[in-house]
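Q: just a sequence and a predicted model for now, questions to come.
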Amino acid sequence: MSFNTYKYIFLFIPITLIGYFYLTSKNKEIYKLKLSKLWLILASFVFYGLGNIKNLFLLLAIAIFNFYICKTILKNLRETNIKKRQLAFIFGVFLNVFLLVFFKYTNFFIAIINHFTNDTIKPVNIIMPIGISFFTFTQIACLVYIYKNEELEFDFNFLDFLLFVVFFPYLLSGPIVYCTEIIPQLQKNENKVINSKHIAIGIYLFSIGLFKKVFISDYLAQWADNGFSANELTFIEAWLTSLSYTFQLYFDFSGYTDMAIGSALFFNIKLPLNFNSPYKSINIQEFWRRWHITLGRFLRDHIYIPLGGNRLSKSRTMINVLITFLICGLWHGAGWTFIVWGLLHGFGMVIFRLWKTFNINIPKALAWFITFNFINIAWVFFRATDFKEAIKVLKGMFGMNGIVLPMAFINKLGFLENYNIKFGGFLANIQGNLMTVIFVLSILFVSLWFRNSNEMAKTFKPNILNIIFIGCIFALAFLRLSSTSEFLYFKF
């Protein structure tokens, strides 16, 4: 099930919310039975299982396995059996990583073997479970926490752990949460009563997220898709293609996150911040502090720091950065273009670190321009299905296929034909027009000068202006629900 559907908005959420607070309003005997948590688990199973019932059984099996690994670690911690504790931890992490690699990368490895050995090993018919990258990292982080801490911040029991794993708002595409953030909230009695403020802010965030997805992201998708599938792109077409995807991805994923945070708030669960106006960044390091924040946190805590972080030599630090971003690229997808995208960001981070050692300051506007264009160019590899497609777009962006302007400009700018600039067929390859330019530039303006949804939510008050605002953006999004598409990060 997806957030941007009629059945989620008008059936699933109302029924789940009413059932949950009905059960929490009952007497203490029902609290002992914890029916409200079972209700949320059942709702999450329905939410996930509607996509593929087989994947639901896999998710449940993985959750049960990780719970018993955690219990084994805790048992041997109390018995000070270090070897058994270490073996349980290593086995738990290994199996989680193995399953992720099996479902996500088996055919990628087969393709590599076939390429270098000229073999014809047939691809395996594997359907990757939606959300496996997210719930695998979530459970690995929990294993690490249990392994490293003698005193837990919460009561560790199966019901709360299972709800932590399968809670539907973040199950499919994050944010990547830590058990220390969610389980304590599940165990607070004050969170079991209706909180009108949380519901109001939840509706506010959900409406913004829905608008981002169906009114901005899906609208931009047409030009991005047309551009990447075209045979050739002129200069302006290529830049509009890349910019359309750059903003499509951001508004798609941040829109999902807003809806996830809003949905969780209905149940008094606060999820961590995942986006903070990343395209306002003036360097690549700042970008990764603002973009997919919970993924960056996981990579820092569980890959970069264990590798040594910046505690070792400068050269080793640079290697650690490159390894971390290589894994970041691979996490996003089984393909060479994702590897190149990850390494581009890794080298960008290395260059930025080296630049800082010279203590040379450049104007913020120029720093932003360099950073944004680097990110925009790197996204081309992220979106492209292969290198040929990526090179096609980049060739257009660097003017190798010429420049085409609207025929309406020929009277005043006709002299430009002497400089190999053509008129007519403007944006034909991406099926756009002047409104395409206006829309993309407007989205750039919104991304740079408007407050983001997190900042808006902090100052939210249920007054008449906000009610009108919510009503307008929800109505606009509602009108496009019939043409909704899947969220981009479902494939990751």
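A: Perfect, I can see it now. As the structure is a prediction and not an experimental result, all values here were calculated from the model.
Q: where's residue 153 relative to residue 182, distance?
A: 11 Å (Cβ to Cβ, to the nearest Å). For the C-beta atoms, the positions are set from N, CA and C on the backbone; glycine is no exception.
Q: who has more neighbours, the two?
A: Taking neighbours as other Cβ atoms under 10 Å, residue 153 and residue 182 compare with residue 182 leading, 25 against 12.
Q: and that one, what's its pLDDT?
A: With respect to pLDDT, residue 182 has a value of 95.
Q: do the same with the one 10 residues further on
A: Looking at residue 192, its pLDDT is 85.
Q: hang on, it packs against residue 36?
A: Yes - at 6.5 Å, residue 192 counts as touching residue 36 under the criterion of Cβ atoms under 8 Å.
Q: so which helix or strand takes in residue 174?
A: For residue 174, there is no helix or strand it lies in under DSSP states H and E.
Q: residue contacts, it?
A: Taking Cβ atoms under 8 Å, 6 or more residues apart in numbering, we find residue 174 in contact with 134, 257, 260, 274, 292, 294, 295, 489.
Q: so the fifth one touches residue 275, yeah?
A: If I follow you right, that is residue 292. Yes - counting by Cβ under 8 Å, residue 275 is a contact partner of residue 292 at 7.2 Å.
Q: list buried residues within the contacts of residue 174.
A: Burial by neighbour count, 16 or more other Cβ atoms under 10 Å: within the contacts of residue 174 this picks out 134, 257, 260, 274, 292, 294, 295, 489.
Q: what is the nearest of the residues you listed to residue 473?
A: Nearest to residue 473 among these, counting by Cβ to Cβ, is residue 257 at 16.4 Å.
Q: quick check: phi and psi at the spatially closest residue to that closest one that is not a sequence neighbour.
A: In space, residue 257 comes closest to residue 274 once its chain neighbours are excluded; the distance is 4.5 Å by Cβ to Cβ, 6 or more residues apart in numbering. Dihedral pair for residue 274: phi -120, psi -20, per degrees, to the nearest 10.
Q: how much space separates residue 274 from residue 266?
A: On the measure of Cβ to Cβ, residue 274 and residue 266 end up 18 Å apart.
Q: picking up where we left off before, which residues are common contacts for residue 292 and residue 275?
A: Taking Cβ under 8 Å, 6+ apart as the contact rule, residue 292 and residue 275 both touch residue 253.
Q: tell me where the model's unsure across the stretch 251-400 of the chain.
A: For the stretch 251-400 of the chain, applying pLDDT under 70 flags no range at all.
Q: on that earlier part again, which of the contacts of residue 174 sit farthest apart?
A: It's 260 and 295 that sit farthest apart of the contacts of residue 174, by Cβ to Cβ, at 14.0 Å.
Q: just give me the neighbour total for residue 389.
A: For residue 389, using other Cβ under 10 Å, the count is 18.
Q: what strand or helix carries it?
A: helix 387-397.
Q: mind giving me the packing neighbours of that helix?
A: Applying 3 or more Cβ pairs under 8 Å, 6 or more residues apart in numbering; DSSP states H and E, we find helix 387-397 packed against helix 218-229, helix 235-266, helix 336-356, helix 364-383.
Q: which one of these lies nearest to residue 301?
A: helix 336-356 (16.8 Å).
Q: counting by contacts, list what the closest one packs against.
A: helix 284-290, helix 314-332, helix 364-383, helix 387-397.
Q: let me know the next secondary structure element after the last one.
A: Right, the one you point to is helix 387-397. Beyond helix 387-397 toward the C-terminal end (DSSP H and E), the next one is strand 403-405.
Q: quick one: mean pLDDT over the next helix or strand after that next one.
A: Following strand 403-405 in sequence order, the next helix or strand is helix 410-413 (DSSP H and E). The predicted model assigns helix 410-413 a mean pLDDT of 84.
Q: now helix 410-413 - C-alpha only, CSV.
A: Output of helix 410-413 as CSV, limited to C-alpha atoms (Å, rounded to 0.1, in the frame of the first residue of the first chain):
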residue,chain,number,x,y,z
ILE,A,410,14.0,34.6,-33.9
ASN,A,411,13.1,38.2,-34.8
LYS,A,412,15.1,39.7,-31.9
LEU,A,413,17.8,37.0,-31.5
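Q: what pairs with the next helix or strand after that helix, parallel or antiparallel?
A: Sequence order places strand 421-423 as the next helix or strand after helix 410-413, per DSSP H and E. Applying DSSP bridges, strand 421-423 is found paired with strand 403-405 (parallel).
Q: pLDDT of the strand it pairs with, averaged?
A: 89.
Q: got the contact list for that strand?
A: By Cβ under 8 Å, 6+ apart, strand 403-405 touches 234-237, 413, 416, 420-427.
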